[in-house]
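> this one's structure only:
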């Protein structure tokens with residue numbers, strides 16, 4: 001999906017979306033939230049991260065989704081190795 005808006009715009013629908021994301025539970029039992037492109041900007045703004053316009057303008061990259069999933073799974077495995085075990 002292509003969205004010609006920015007997460008830092010002060011638009012009613014953007015503000016409503018940010019507010020919605022702010023109310024998603026963040027404890028470890030809550031579902032994980034992932035955002036790509038506009039979505040990660042909205043999540044960042046909802047969690048008070050700095051979200052601003054890039055000095056380089058719009059950036060677009062085409063990548064096969066299968067490759068993206070392989071990369072994401074590898075990163076998740078690395079992350080899980082760093083986390084302490086919660087099992088007894």
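Structure's in. What do you need? Predicted, not measured: the structure shown is a model, and the values here were computed from it. Residues are numbered from 1 along each chain as shown.

> low-confidence ranges, the protein, go.
Counting by pLDDT under 70, the ranges of the chain that qualify are 1-4, 60-69, 79-88.

> helices of that one, start to end?
Assigned by DSSP state H, the helices in the chain fall at 12-22, 38-46, 65-82.

> from the rest of the structure, what touches the first one?
Okay, so that is helix 12-22. Residues outside helix 12-22 that contact it (CB atoms under 8 Å, 6 or more residues apart in numbering): 5-7, 33, 42-43, 45-47. Using the backbone N, CA and C atoms, a C-beta is placed for each residue, glycine as well.

> swap the cut-off to 10 Å and go again
Helix 12-22 is contacted from outside by 3, 5-9, 11, 33, 35, 38-39, 41-48, 51, using CB atoms under 10 Å, 6 or more residues apart in numbering.

> centre of the chain versus it, how much separation?
Centroid separation between helix 12-22 and its chain, computed with CA atoms, centre = their mean, to the nearest Å, is 14 Å.

> picking that back up, report the buried members of the contacts of helix 12-22.
Buried members of those, scored by 16 or more other CB atoms under 10 Å, are 6-8, 38-39, 41-46, 51.

> which of those lies closest to residue 24?
Taking CB to CB as the measure, residue 46 is the one of the buried ones among the contacts of helix 12-22 closest to residue 24, at 8.2 Å.

> how far away is the closest one from residue 35?
Noted for residue 46: a distance of 9 Å to residue 35, by CB to CB, to the nearest Å.

> list the residues that contact both of those two?
7, 21.

> tally of neighbours for the closest residue to residue 46 other than its chain neighbours?
Distances taken as CB to CB, 6 or more residues apart in numbering put residue 21 closest to residue 46, at 3.8 Å, once the chain neighbours are dropped. For residue 21, the neighbour count with other CB atoms under 10 Å is 17.
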